[in-house]
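>>> Fold the stuff below for me.
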Amino acid sequence: MVKLRGMTWDHARGFAPMVATSAAYAAAHPGVEITWEKRSLQAFADRPISEMAETYDLMVIDHPHVGEVAKQGNLLALDGLRDAEMAALAAGSVGQSHPSYNFAGRQWSLAIDTATPVACLRPDVLDHAPKVWAEVLDLARAGRVGFALVPINALMTFFGVARNLGYGVADSPDHLVAPAEGAHVLGLMREILGLMDPRCLNLDPIGIYEWMSRNADGPAYSPFGYGYTNYSRQGFCPYPLAFHDAPGITDPTPRGTVLGGTGIAVSAFTKHPEVAVDYAFWIAGADCQKGLYTASGGQPGHAAAWDDDTCNALTGNFFRNTRATLNTAWVRPRYEGYMALQDRAGDILHACLRGEATEAATLAALDAAYRESRS
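Numbers count the residues shown, from 1 in each chain. Next comes the predicted model:
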């Protein structure tokens, strides 16, 4: 009996499709058993991949870790194993989902899930999504806007707004963002925060969507939040949400939001690499992605699912309505020290949004953390 253990994150989107696909794979491959464990999203992010790789055969990871993975060697590189299948996955990538797991010339994971901050609304109370930031501010002044601003999401919004405006992020060895440009972005964020319920500072995207979809008087609109198809599916929540492309800041172009999502990786220490690799390629492939993976609550990373009529009907056209935003999403830095920067930078920004630090001090602290992460 071949027994594989996997680790994923604790949400219907992250856990249910892994259980469903593992059961289907085991049914088609007698003698194979794949079990999955889950941790909270934050606990999952905090646990080093090197530690997980010693315990689990399969791991669901996100792409900013690949710089450290490439150096440490705790994951099995998946390139060169199945060239035709790998080429098909590359061709089926939604935006930069597939190449985001390629680092130092090797493919460390296969995209199975993709996401980027997109807009969502309550279609029962709002009939269209704003296209530009001025329209978002008008809604916010009417008390109808809320979006996630816990530290990590505050940082992703900061990056996304900067990139939408064409500002460089981590392009200079001295500045994470140029001082004047960073001040502009911080000013925009502080302005809209002053128009929203302060609870937004303590909510992640799931918290925002729970608030919007389960309370009659919740926010009508969120401009930026990593999308979750679960909340647009009938029966998942009392007030299903409709997802749309993110607004542009000065023009109606949804560019620069920060790519998220997850990929499936194989431990370099697994005793059953052939089976683990076979499962990984199958779950990432077009047929599984547009079929069982999406049907069981997953948010696929393959274009076959994003283009599929059944997948779109199941999710209130989530995929078609947010495709332009995903296609233009920005890939975060992936150098070895980036994850330490991400952890620190979110807290630095959050202090500014709470009114505990000036913009100048915040930008100086961000630059110092950035330079330290690159050293």
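
>>> Report the residue spans of the chain with pLDDT below the cut-off.
Along the chain, the parts satisfying pLDDT under 70 run over 41-47.

>>> Contacts only, for the residue positioned nearest the centre of it.
Compute the mean C-alpha point of the chain, and by Cα atoms, centre = their mean the closest residue is residue 260, 2.5 Å away. Residues in contact with residue 260, defined by Cβ atoms under 8 Å, 6 or more residues apart in numbering, are 62, 114-117, 156, 226. Just so you know, the C-beta spots here come from the backbone N, C-alpha and C atoms, and that holds for glycine as well.

>>> Could you tell me which of these count as buried?
62, 114-117, 156, 226 (16 or more other Cβ atoms under 10 Å).

>>> Can you name the next helix or strand after the one helix or strand residue 152 maps to?
Assigned by DSSP states H and E, residue 152 belongs to helix 151-164. Next in sequence after helix 151-164, counting helices and strands by DSSP H and E, comes helix 179-193.

>>> Report the buried residues of that next one.
181-182, 184-186, 188-189, 192-193.

>>> Farthest pair within those?
181 and 193 (19.0 Å; Cβ to Cβ).

>>> Would you map out the domains in the chain?
Split into domains by automatic domain parsing, the chain comes to 2-115+260-325, 117-258+337-374.

>>> can I get these in a markdown table with distance to residue 331?
Compiled in a markdown table, these are given as follows (distance: least, Cβ to Cβ, whole Å):
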| stretch | distance to residue 331 |
| --- | --- |
| domain 2-115+260-325 | 5 |
| domain 117-258+337-374 | 8 |
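
>>> Could you report the neighbour count for residue 94?
26 (other Cβ atoms under 10 Å).

>>> where's it relative to residue 118, distance?
As judged by Cβ to Cβ, to the nearest Å, residue 94 and residue 118 stand 13 Å apart.

>>> Mutual contacts of those two, please.
In terms of Cβ under 8 Å, 6+ apart, residue 94 and residue 118 are both contacted by the residues residue 326.

>>> Tell me which stretches of this structure form strands.
Ranges of strands within the chain are 2-9, 32-39, 58-61, 102-103, 106-107, 110-113, 117-121, 221-226, 242-244, 262-266, based on DSSP state E.

>>> what about those, which gets the closest to residue 333?
Taking Cβ to Cβ, strand 102-103 is the member of those nearest to residue 333, at 11.0 Å.

>>> strand partners of the closest one, parallel vs antiparallel please.
Paired neighbours of strand 102-103 in the sheet (DSSP bridges): strand 106-107 (antiparallel).

>>> what's the partner strand in contact with?
Contacting residues not belonging to strand 106-107 are listed as 70, 77-79, 86, 101 [Cβ under 8 Å, 6+ apart].

>>> mind redoing it with 10 Å?
If you take Cβ atoms under 10 Å, 6 or more residues apart in numbering as the criterion, strand 106-107 is touched by 66, 69-70, 75-81, 86, 89-90, 98-99, 101, 263, 265.

>>> Just the buried subset of those, written out for ChimeraX, thanks.
To isolate the buried ones among the contacts of strand 106-107 in ChimeraX, judged by 16+ other Cβ under 10 Å, type:
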select :66,69,70,75,76,77,78,81,86,89,98,101,263,265
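
>>> Show me the contacts of strand 106-107 that map onto helices.
The helices, defined by DSSP state H, take in 66, 69-70, 86, 89-90 from the contacts of strand 106-107.
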